[in-house]
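Engineer: Sharing a model prediction with you, sequence too.
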Amino acid sequence: MDKKNRGPLCHIVKRPAIPWYQAWGIRLAALILALLFCAVVTMVLTGDNPISIYLTIYEGSFATPRRFWVLMQNLAILLCISLAMAPAFRMRFWNIGGEGQVMIGCLVCAAEMIYLGGDIPNAVLIILMIVSSLAAGAVWGMIPAFFKAKWNTNETLFTLMMNYVATQLVAFFIIIWESPKGSGKVGIINQKSMAGWLPTIADNKYLLNVLIVSVLTVVIFIYMKYSKHGYELAVVGESERTARYVGIKVGNVIVRTMALSGAICGLAGFLLVAGTDHTITTTLSGGRGFTAVMVAWMAKFNPLGMIFTSFLLVFLGKGAGEISTNFGLNQSFSDILSGIIIFFLIGCEFFISYRLVFRKGEK
Amino acid sequence: MFNFAAFIPRAVMQSIPLLLGSTGETITEKSGNLNLGIPGVMYVGAISGVIGSFFYEMSLEDPAQINSFLAVLIPMACCLLGSFLMGLLYCFLTVTLRANQNVTGLALTTFGIGFGNFFGGSLIKLTGSSVPSIALSATNKAFAAKLPLAEKTGVFGRIFLSYGFLAYLAIVIALVTSHILTRTRVGLQLRAVGENPATADAAGINVGRYKYLATCIGSMIAGLGGLYYVMDYASGVWSNDAFGDRGWLAIALVIFTIWRPNVGILASMLFGGLYILYLFIPTGTNLAIKEIYKMLPYLVTIAVLVLISLRKRREDQPPAGLGLPYFREER
């Protein structure tokens, strides 16, 4: 055979479905590779040895009970936002507006704490705050969904823009509410009266948030797996034409699912403002609306898998923070490590759906 | 009286990073890749340039003996290399490994912004240098050098001639891109790839190569936007998060201009103007209003997005293959 007519060195073949343990094996291998790579990067930058790097990462989350609970709190919020993303993504509705939906939930919550705090009984205030932050998030999510359902407006770009509209709204109200005047900050709301603050259970201000999100995880899991709504949105995601053919009202499903998605984001905003932070800043959500997209996607939109993926990112973030503190480096180090892990996990999906076939030797 | 002579130059300086970012993103999107990593790419472009010129300035004993040709060339080369690698990473994941574009793009943004802030905040510590902050004044002089005529021609000079060379380069790039996209065979083939990759493939166009090239070139152009921001606009001073949400604004601009870089020249100035309008409008003590003005670019972008989907004119639509992966085997 002459050289010209040889096939390419390797080509890609789609795999038949592989058993779940093989798929998770590939993901685990990618994760280990990613962690090794992270250690190498850290070693180059700090000159520390790998064992002590991993120890530092572990200490970042587990050295003291306080650190552990901060980890749990961050995990709960990230998981909550990721849970919000899952139904929409299963429907192939690319909602990257989680950030904005959380912020608008925070905003409504803070507004009620400021204007109604002390005037009405605390229980009524908290119920009102829950309802209105859920509603605000839902509305923020439904706006792009409505245009998508009606006129097929590009939802990725629409939800992206809605983030900044929400952030600027928050920035606007922060200046109106700022206290003390001129500080550019709102400060702790109702510090004395604690009106609108969620109660603490067992002297632990994070426990309630963690419990709420745990329940929510199970609810979303059941909703997506066993409910009629969950089935409908999966059909819409797989094929809109099929959905229309079997009589599912696609537009309704889109708007309904996004309302749910936005409402859960609003709940995350409520948990942030009423549960732990008791203040509002433009960075309260801290990019978690975007991180949640990756968390949900890495877990293949399975709510139980998301517990693991969100834990992974929060855990690494804390660990990287600890490394940066120890070596006097910038806190953004954690973003670099998260980025590396996500790149590896995104890349490994290829090897789950496809395999490479190398050119056979010449006979 | 509204002070146009002061307003326009500042609006233009605001607009250049947006223009470069959106030109780069337009090229990328025309190939069907929705690169949401542009904010990260712009950060990496900026910090790569900073790292390059930081080492160059440190290697000199006296900043006065800086060679202005090298002072421009080194950061530019570093910036182009850094943003090229980011584009390459995006392409490798989305085109070769067929990963989801939205997720990859967001990961790229997280990584890129983290990369920028990390090295911006730790460069001095890592190199064991004794300077208090990253202030590349000598490099800034080379980048912000104005035409000699600018001072002599009064208002005309201030409005049209008072910018560093990257500003003019940005406008040239936008015009050339626009010409290539609409008037050449390469542009036609690129648009075909973005609209319907299967058809393009059948016509013998190498889809993968076009996607790679468009995304990498687009990233490099966007990276220059970051470089302009730090070297010219911010006077060579790096401060973390100062670049802000300009990367997302650049993506908004792509929609606002309906994927036309030549329209982007004026539209970016409009966005840049809206960004700083609050400085020029007497609002008294009401600082809150400025946050509402900053919201305007996003609101008008949403309006444009809704309008183009309502009117359904075919030449105004996003590329039909935008955000969708292309698997030859699954046609």
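Structural biologist: Perfect, thanks for sending it. Numbers count the residues shown, from 1 in each chain, chains lettered A, B, ... in the order given.
Engineer: does any bit of stretch A:272-283 sit next to chain B?
Structural biologist: No: Stretch A:272-283 does not reach chain B (Cβ under 8 Å from any Cβ of the partner chain); its nearest approach is 9.2 Å. Every residue, glycine included, has its C-beta placed from N, CA and C.
Engineer: Same question for that stretch: list its buried residues.
Structural biologist: A:272, A:273, A:274, A:275, A:276, A:277, A:278, A:279, A:280, A:281, A:282 (16 or more other Cβ atoms under 10 Å in any protein chain shown).
Engineer: Isn't the fifth one up against residue A:205?
Structural biologist: Just to be clear, that refers to residue A:276. Yes: the criterion here is Cβ atoms under 8 Å, and residue A:276 meets it with residue A:205 at 6.2 Å.
Engineer: which SS class is the residue of the stretch 1-150 of chain A found nearest chain B?
Structural biologist: Proximity to chain B, evaluated over the stretch 1-150 of chain A using Cβ to the nearest Cβ, is greatest for residue A:94 at 5.2 Å. Assigned by DSSP: H, G, I helix; E, B strand; the rest coil, the conformation of residue A:94 is coil.
Engineer: Which residues are in contact with it?
Structural biologist: By Cβ atoms under 8 Å, 6 or more residues apart in numbering or on different chains, residue A:94 lies in contact with A:88, A:155, A:156, A:159, B:102, B:323.
Engineer: need the contact list for the closest residue to the last one other than its chain neighbours.
Structural biologist: Same thing as residue B:323. Once flanking residues are discounted, residue B:323 sits nearest to residue B:34: 4.2 Å by Cβ to Cβ, 6 or more residues apart in numbering or on different chains. Contacts of residue B:34 were listed using Cβ under 8 Å, 6+ apart, and they are A:156, B:28, B:101, B:102, B:105, B:322, B:323.
Engineer: Identify those among those that sit within helices.
Structural biologist: Using DSSP state H, the subset of the contacts of residue B:34 located in helices is A:156, B:28, B:101, B:102, B:105.
Engineer: Looking at those residues, state which has the most neighbours.
Structural biologist: Ranked by neighbour count (other Cβ atoms under 10 Å in any protein chain shown), the ones in helices among the contacts of residue B:34 have residue B:28 at the top, with 31 neighbours.
Engineer: Just the pLDDT for that residue.
Structural biologist: If you check residue B:28, the pLDDT there is 94.
Engineer: Checking the closest residue to residue A:92 other than its chain neighbours next. Helix, strand or coil?
Structural biologist: Spatial nearest neighbour of residue A:92, chain neighbours left out: residue A:237 (4.4 Å); criterion: Cβ to Cβ, 6+ apart. Of the three states, residue A:237 takes helix under three-state DSSP.
Engineer: Residue A:237 and residue A:91 touch, don't they?
Structural biologist: Yes: between residue A:237 and residue A:91 there is a contact at 4.5 Å, judged by Cβ under 8 Å.
Engineer: residues in contact with residue A:184?
Structural biologist: By Cβ under 8 Å, 6+ apart, residue A:184 lies in contact with A:174, A:175, A:178.
Engineer: How about residue A:304?
Structural biologist: So residue A:304 contacts A:217, A:221 (Cβ under 8 Å, 6+ apart).
Engineer: Repeat the analysis, applying 6 Å as the threshold.
Structural biologist: Counting by Cβ atoms under 6 Å, 6 or more residues apart in numbering or on different chains, residue A:304 touches no other residue.
Engineer: likewise residue A:108?
Structural biologist: Contacts for residue A:108 (Cβ under 6 Å, 6+ apart) come out as A:132, A:133, A:136.
Engineer: do the same with residue A:195
Structural biologist: A:117, A:118, A:122.
Engineer: which of those residues are buried?
Structural biologist: If we count by 16+ other Cβ under 10 Å, the contacts of residue A:195 have these buried: A:117, A:122.
Engineer: So which of the contacts of residue A:195 sit within helices?
Structural biologist: residue A:122.
Engineer: is it possible to export the contacts of residue A:195 to a markdown table including distance to chain B?
Structural biologist: Formatted as a markdown table, those follow (distance: Cβ to the nearest Cβ, whole Å):
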| residue | distance to chain B |
| --- | --- |
| A:117 | 21 |
| A:118 | 24 |
| A:122 | 29 |
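Engineer: Between the contacts of residue A:195, which sits nearest residue B:188?
Structural biologist: Comparing the contacts of residue A:195 against residue B:188 with Cβ to Cβ places residue A:117 closest, at 62.3 Å.
Engineer: Please name the spatially closest residue to that closest one (chain neighbours excluded).
Structural biologist: residue A:195 (3.5 Å).
Engineer: Stretch A:292-308: which residues count as buried?
Structural biologist: A:292-303, A:305-307.
Engineer: now for the residues you listed, which pair is the farthest apart?
Structural biologist: The span of the buried residues of stretch A:292-308, defined through Cβ to Cβ, is set by A:293 and A:307 at 16.6 Å.
Engineer: all helices of chain B, in order?
Structural biologist: Going by DSSP H, chain B shows helices at B:4-30, B:38-59, B:68-91, B:101-127, B:137-143, B:149-152, B:154-160, B:165-183, B:185-195, B:197-202, B:207-228, B:246-256, B:261-280, B:288-311.
Engineer: Ok, the stretch 251-363 of chain A next?
Structural biologist: A:288-298, A:303-326, A:333-353 (DSSP state H, counting those that start in this stretch).
Engineer: tell me the phi and psi of the closest residue to residue A:305 other than its chain neighbours?
Structural biologist: Leaving aside its chain neighbours, residue A:305 sits nearest to residue A:299 (3.3 Å; criterion: Cβ to Cβ, 6+ apart). Per-residue torsions, residue A:299: phi -90, psi 10 (degrees, to the nearest 10).
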